[in-house]
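K.L.:
Mind looking at a prediction? Sequence and model below.
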Amino acid sequence: MTSTFKLGWAGLAVAAMCLAGNASAQNAPIKVGFMLPYTGTYANLGNMIENGFKLYVAEQGGKLGGREIQYFKVDDESEPSKATDNINKLIKRDQVDVVVGTVHSGVALAMAKAAKDSNTLLVIPNAGADAITGPMCGKTIFRTSFSNSQPGVAMGKVAAEKGHKKAMTITWNYAAGTESVKGFTEGFEKGGGKVTQNLTLPFPNVEFQALLTEIAAQKPDAVYAFFAGGGAVKFVKDYVAAGLNKTIPLYGPGFLTDGTLEAQGDSAQGLLTTLHYADNLDIARDKQFRLAFAKAYKTNADVYAVQGYDSAQLLAAGLQAAGGDIKNRDKLIPAMEKATIDSPRGKFTLSAAHNPVQDFYLRQVNGKLNEYKGVAVKALADPGRGCKM
Ligand code: PHB
């Protein structure tokens, strides 16, 4: 009898401790780990993503699903060789509940593997590596941006419609560049064009001169270029300085001119690009977002800010359904999968592989704006080839 009572009290004590533990876990902030580039050619992109994410959280009174948010940060330097160590700082050292990152596809591929191995929730606010929503897809891995082939396919279609027959491509030699070019080639050749040569240089090299000389010698009808951030600024300026813009139109995914127009100045005027965002969309949600962003950060929003903002929206949808319990995957994941994100870019849903199904816009640079010119491809889904959840 006595021992039963003793056990009973001990059991009660344990139960009480568990309850207290659960209660404090429920009240403790959710730990969000940003793994983004804060230095190097993509530094500006990383900052815009973080600011976009934080803006949405601030608009919800600093809470998602009723829980406070606590931030952790790692600069990934867009350096794939450091990616596994860097994400483990967030997962193992800081024990974050969710990782938000990154920009560079090579880094993101390593992050997706680490997230899968440790069953960590990962929200990718930019990096488009096709494999992440293909063979490497996973239940806990979500992307709120695009897959690399998507903007390329849209631009290829537009370039073919313009009647160009022979195009050359130029990019950095890593997943984002090669997959973007692959998408362009698919869209362009489907429309009757032919890609005659692919030029590459190592990331994040910006010594474009020899390659521009090669383009001048080959005289294609058009050039398609994937560059972003600081590299995009230099490439567009160098293309004009070499005089190539006078005879060979330059096209690209919208990254070529997004968040870069201040620095590109006159050299970017008139450029046509395709992207899932533009600067003057006639969308009320976008107008409200752009005002709030400009007010908070004293600079105009760009596609990266939108992707950061939408990463927070996606997480919020999951947390709402899970009553703030981020560990309740049975509630969290299906709600994220089914969410319709009311994005500044326009509403979007996710494919079975967790990649946005979204419209791609044709835009043209006018002054400091990437102006909306029309929809290049409607509701484009990436094929999610090889994804088995
Ligand atoms: C990528 O590495 O996937 C990447 C980087 C910058 C962009 C777009 C894609 O603007």
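P.N.:
Looks like it came in fine. Numbers count the residues shown, from 1 in each chain.
K.L.:
can we go C-alpha only for contacts and neighbour counts from here?
P.N.:
Noted.
K.L.:
residue contacts, the residue nearest the centre of the chain?
P.N.:
Within the chain, the residue whose C-alpha comes closest to the C-alpha centroid is residue 126; the distance, by Cα atoms, centre = their mean, is 1.3 Å. With Cα atoms under 8 Å, 6 or more residues apart in numbering as the criterion, the residues that contact residue 126 are 101, 102, 103, 104, 143, 144, 145, 146, 304, 307.
K.L.:
go on, residue 305?
P.N.:
Residue 305 makes contact with 48, 49, 50, 51, 52, 53 under the criterion Cα under 8 Å, 6+ apart.
K.L.:
switch to 7 Å and redo it
P.N.:
Residue 305 sits next to 48, 49, 51, 52 when contact means Cα atoms under 7 Å, 6 or more residues apart in numbering.
K.L.:
Now render those residues as TSV, adding distance to residue 252 and neighbour count.
P.N.:
TSV is the format used below for the contacts of residue 305 (distance: Cα to Cα, whole Å; neighbours: other Cα atoms under 10 Å):
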residue	distance to residue 252	neighbour count
48	21	25
49	21	31
51	26	21
52	24	27
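K.L.:
List just the nearest of those to residue 364.
P.N.:
residue 48 (21.7 Å; Cα to Cα).
K.L.:
still on that earlier bit, take the contacts of residue 305 and write them to JSON lines, including secondary structure, distance to the ligand and pLDDT.
P.N.:
JSON lines is the format used below for the contacts of residue 305 (DSSP: H, G, I helix; E, B strand; the rest coil; distance: Cα to the nearest ligand atom, whole Å; pLDDT from 0 to 100):
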{"residue": "48", "secondary structure": "helix", "distance to the ligand": "12", "pLDDT": "98"}
{"residue": "49", "secondary structure": "helix", "distance to the ligand": "11", "pLDDT": "98"}
{"residue": "51", "secondary structure": "helix", "distance to the ligand": "16", "pLDDT": "98"}
{"residue": "52", "secondary structure": "helix", "distance to the ligand": "15", "pLDDT": "98"}
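K.L.:
related to what we said a few turns ago, mind putting the contacts of residue 126 in JSON lines, distance to the ligand included?
P.N.:
Conversion of these to JSON lines gives the following (distance: Cα to the nearest ligand atom, whole Å):
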{"residue": "101", "distance to the ligand": "11"}
{"residue": "102", "distance to the ligand": "8"}
{"residue": "103", "distance to the ligand": "5"}
{"residue": "104", "distance to the ligand": "3"}
{"residue": "143", "distance to the ligand": "11"}
{"residue": "144", "distance to the ligand": "12"}
{"residue": "145", "distance to the ligand": "9"}
{"residue": "146", "distance to the ligand": "8"}
{"residue": "304", "distance to the ligand": "8"}
{"residue": "307", "distance to the ligand": "11"}
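K.L.:
now the strands for the stretch 51-200 of the chain?
P.N.:
With DSSP state E, counting those that start in this stretch as the definition, the stretch 51-200 of the chain shows strands at residue ranges 63-64, 67-75, 98-100, 121-124, 141-143, 166-172, 194-201.
K.L.:
Those residues of the stretch 101-250 of the chain touching the ligand, which are they?
P.N.:
Contacts of the stretch 101-250 of the chain with the ligand, taken as Cα under 6 Å from any ligand atom, map to 103, 104, 105, 127, 128, 129, 176, 228.
K.L.:
Who wins on neighbours among those?
P.N.:
Each of those was scored by neighbour count (other Cα atoms under 10 Å); the top score is that of residue 128, with 30 neighbours.
K.L.:
Do I have it right that that residue meets residue 143?
P.N.:
No - with contacts defined as Cα atoms under 7 Å, residue 128 does not count as touching residue 143, sitting 8.3 Å away.
K.L.:
re earlier: please pick the buried ones from the contacts of residue 126.
P.N.:
With neighbours counted by 16 or more other Cα atoms under 10 Å, the contacts of residue 126 contain buried members at 101, 102, 103, 104, 143, 144, 145, 146, 304, 307.
K.L.:
pLDDT score for the fourth one?
P.N.:
In this case it means residue 104. In the predicted model, residue 104 carries a pLDDT score of 98.
K.L.:
Repeat that for the first one.
P.N.:
Reading off the confidence values, residue 101 has pLDDT 98.
K.L.:
And it, how close does it get to residue 128?
P.N.:
Relative to residue 128, residue 101 is positioned 11 Å away (Cα to Cα, to the nearest Å).
K.L.:
Where do the helices of the chain begin and end?
P.N.:
Under the criterion DSSP state H, helices of the chain are mapped to 2-27, 43-59, 83-88, 105-118, 149-161, 175-190, 209-218, 229-241, 261-264, 284-297, 303-321, 329-338.
K.L.:
tell me the angle the last one makes with helix 303-321.
P.N.:
Taking axes from the mean of the first three to the mean of the last three Cα atoms, to 10 degrees, one finds that helix 329-338 is oriented at 140 degrees with respect to helix 303-321.
K.L.:
For helix 329-338, list every residue counted as buried.
P.N.:
When neighbours are counted by 16+ other Cα under 10 Å, the buried residues of helix 329-338 are found to be 329, 331, 332, 333, 335, 336, 337, 338.
K.L.:
Not counting that helix itself, show me its contacts.
P.N.:
Helix 329-338 is touched from outside by 314, 315, 317, 318, 319, 321, 322, 326, 350, 354, with contacts defined as Cα under 7 Å, 6+ apart.
K.L.:
For the fourth one, which non-adjacent residue is spatially closest?
P.N.:
What sits nearest to residue 318 in space, not counting adjacent residues and going by Cα to Cα, 6 or more residues apart in numbering, is residue 332, at 4.3 Å.
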